Each structure stands twice: as structure tokens, then as C-alpha cells.
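Student: turn this into a structure:
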Amino acid sequence: MHKDIATPIRTKEILEKYGFAFKKSLGQNFLIDPNILRKITEFAGLTDQTGAIEVGPGIGALTEHLARSSKKVLSFEIDQRLLPILADTLSPYDNVKIIHEDILKADVKTLVAQEFEGISDLMVVANLPYYVTTPIILKLLSDRIPLRGIVVMLQKEVADRISAKPGTKEYGSLSIAIQYYTKAETVMIVPKTVFMPQPNVDSAVIRLTTLDKPAADVVDEDFFFLVTRSSFAQRRKTILNNLTSQLPNGKEKKEQILDALAKADIDPTRRGETLSIQEFARLSNELHPIFN
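Tutor: Reported below is the predicted structural model:
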């Protein structure tokens with residue numbers, strides 16, 4: 001068994017060997033606790049038949065755990081300075097492929113189809129750079145990559161928003177966007193002390209399990225997400241006020257919006273945070289003919 005990368009001593013050795021300096025702009029915080037990496041890998045339920053997709057491998061701390069537990073790892077790294085380090089630290093593993101590309105710009109669906117040909121069990125497992133967590137998760141879900149699920153480390157505050165239930169202050173359009181596609185649960189809280197350098201915020205590991213079909217039936221997904229975002233534009237406003245001020249020509253269409261709310265059986269004085277995904281789906285389906 002090879003020595004774990006993710007110990008404070010080994011991490012320091014690797015960084016010194018390559019004269020690597022952390023870039024704040026890339027949100028680089030490397031994990032230095034092998035136990036947490038093992039747990040993340042366990043939460044993902046990897047087997048020797050799983051294809052693992054990783055974003056932001058850093059110096060390969062989590063990557064090596066994924067390589068040991070899965071059939072193949074495809075990892076996206078944007079920072080060119082890390083490529084020679086990864087080639088070195090991951091040299092014991094022949095089932096890892098590093099792609100030097102920004103995952104937000106990459107054609108992930110095509111790459112996944114090519115790299116994981118014949119592999120039907122796909123999981124995203126990553127310690128995500130905190131400044132782009134939300135766009136990455138939303139891209140992976142909206143690109144309709146055939147994932148069993150996603151297990152990622154992210155800022156605790158974002159994890160709380162992703163897994164929030166209606167009627168809580170964390171619940172918002174992000175909760176709905178992700179829970180529309182997946183079952184979301186926070187599985188572990190992670191202290192700042194297990195990172196180098198230490199971030200300013202607490203972290204959490206969240207597990208998203210892909211639903212067989214979306215959580216609600218909607219006529220037009222893009223419009224459904226527009227309605228949910230509009231409903232939370234100003235949290236203290238009623239759903240009627242938000243929709244009339246946010247939807248195109250909403251003020252002129254106020255009577256029609258009221259009519260749609262009545263048909264969807266939603267009190268116009270409610271706030272967006274009290275509506276379930278199913279209620280938003282009914283509402284967006286009633287509003288759709290008015291705005292399209």
C-alpha cells in the first residue's frame with residue numbers, strides 16, 4: 001500500500017518539492033486527513049465497477065482514494081501547475097486520467113461517454129473549489145450525465161441551502177434546482193482544521209442521489225426554474241409581488257398571474273420559501289401559457 005498523500009507531512013513535502021504556492025483565486029484548500037477521505041469515498045459507495053468523476057484534484061489526495069476504490073477515475077484540473085505534481089503523486093495508479101480543462105467549459109457528457117465506455121455506475125466525488133460549487137453541481141445535473149449520484153465536500157452554508165426543506169430560511173431556488181433532480185442529504189460536517197491552508201468557513205459533505213425521474217412534472221424546465229428564482233428575488237415579498245416584478249411584463253399581467261395562482265391553489269400572499277417543489281411545478285405549469 002502506498003503512503004497516503006493526505007497527511008500534513010506528506011502534503012508539505014510535495015508542496016516544497018514543487019515550490020507550489022496556493023492560489024486564493026482558485027479556492028485551493030487541500031485535505032490533510034486520510035480518515036475523512038476514506039469516509040467521503042465510503043459515502044459514494046464505490047465498487048470496482050464504478051466510474052468516478054472528480055473536480056479539482058489538487059495534489060491527488062482524494063484522487064488516490066478514488067483510484068483504490070473504483071474502476072476508473074476521470075479528474076478535471078484547471079491549474080496547470082498541478083499537472084506535474086499529479087503525474088508524480090498518482091504514478092502508482094494506472095486507472096486515473098487527468099483532464100486539464102475547466103469543467104464548466106468542458107463537454108463533460110461526451111468525455112464521460114468516451115472515457116467510461118461500458119461502465120454504467122457513475123459517481124461524482126470531489127472536494128469542490130468553494131467559489132464555483134453551485135455552478136459545477138448545476139451543470140452536472142442539467143447536462144443529464146447518467147450519474148448514480150454526487151458526493152462532494154463544500155461550504156457548510158451551501159450544503160445547508162442545498163438540502164433545506166420548505167419553510168426554513170435556508171430554503172430557496174438552489175434547494176429546488178438540486179432537489180428537482182436528486183435526493184439531497186448532508187452526511188458529514190468537516191472542521192476547518194483538516195485543510196491546508198485552513199479555510200475561513202466550516203465544510204460539509206453532501207450526498208445527492210439521482211431520482212429516477214424529476215421530483216415534479218413540469219411543462220418547461222427552464223421556465224419552472226425562472227419561476228422559482230423569481231419567487232425568491234426578494235425573500236420578504238409575497239409570491240405575487242415577486243412574480244409581478246420579476247417575470248417579463250409581469251406588472252401588466254398581474255390579473256393573469258393572480259388567476260394562475262388561484263388555479264394552482266396557492267394563496268398570493270404566501271412567500272416563496274413556503275412553497276414545495278410540487279406547488280412550484282403546478283404554478284409554473286399554470287403560468288407557462290401566459291408567458292410563452
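
Student: and for the protein, the residue most distant from the center?
Tutor: Among the C-alpha atoms of the chain, the one farthest from their average position, using Cα atoms, centre = their mean, is that of residue 255, at 37.6 Å.

Student: what's the pLDDT at that one?
Tutor: What the model reports for residue 255 is a pLDDT of 96.

Student: dihedrals phi and psi, it?
Tutor: According to degrees, to the nearest 10, the main-chain angles of residue 255 amount to phi -60, psi -40.

Student: look up which residues are beta-bridged to the nearest residue to residue 190 once chain neighbours are set aside.
Tutor: Using Cβ to Cβ, 6 or more residues apart in numbering and skipping the chain neighbours, the partner closest in space to residue 190 is residue 203 (4.2 Å). Every residue, glycine included, has its C-beta placed from N, CA and C. With DSSP bridges as the criterion, the beta-bridge partners of residue 203 are residue 155, residue 190.

Student: and the helices in this structure?
Tutor: Ranges of helices within the chain are 8-18, 34-43, 61-69, 83-89, 108-115, 133-142, 156-162, 173-179, 221-231, 239-246, 254-263, 277-291, based on DSSP state H.

Student: and the ones you listed, which is most packed in?
Tutor: The highest average neighbour count among those, using mean count of other Cβ atoms under 10 Å, belongs to helix 61-69 at a mean of 24.

Student: gap between residue 154 and residue 129?
Tutor: Look at residue 154 and residue 129: by Cβ to Cβ, to the nearest Å, they are 9 Å apart.

Student: for those two, indicate the residue with more neighbours.
Tutor: More neighbours sit around residue 154 than around the other of residue 154 and residue 129, counting by other Cβ atoms under 10 Å; the figures are 24 against 20.

Student: quick one, what contacts the more buried one?
Tutor: Remark: with contacts taken as Cβ atoms under 8 Å, 6 or more residues apart in numbering, residue 154 is in contact with 128, 130, 133, 203, 204, 206.

Student: from the residues you listed, which single one is nearest residue 287?
Tutor: Compare each of the contacts of residue 154 with residue 287 using Cβ to Cβ and the shortest gap goes to residue 133, at 29.8 Å.

Student: wait, the closest one touches residue 157, no?
Tutor: No - counting by Cβ atoms under 8 Å, residue 133 sits too far from residue 157 to count as a contact (10.4 Å).

Student: residue 197: neighbour count?
Tutor: The burial count assigned to residue 197 is 11, neighbours taken as other Cβ under 10 Å.

Student: before we move on, what about residue 172?
Tutor: The tally of other residues near residue 172 (other Cβ under 10 Å) stands at 19.

Student: surely it touches residue 161?
Tutor: Yes - with contact defined as Cβ under 8 Å, residue 172 counts as touching residue 161 (6.2 Å).

Student: so where's the stretch 151-292 of the chain shaky on pLDDT?
Tutor: For the stretch 151-292 of the chain, no stretch has pLDDT under 70.
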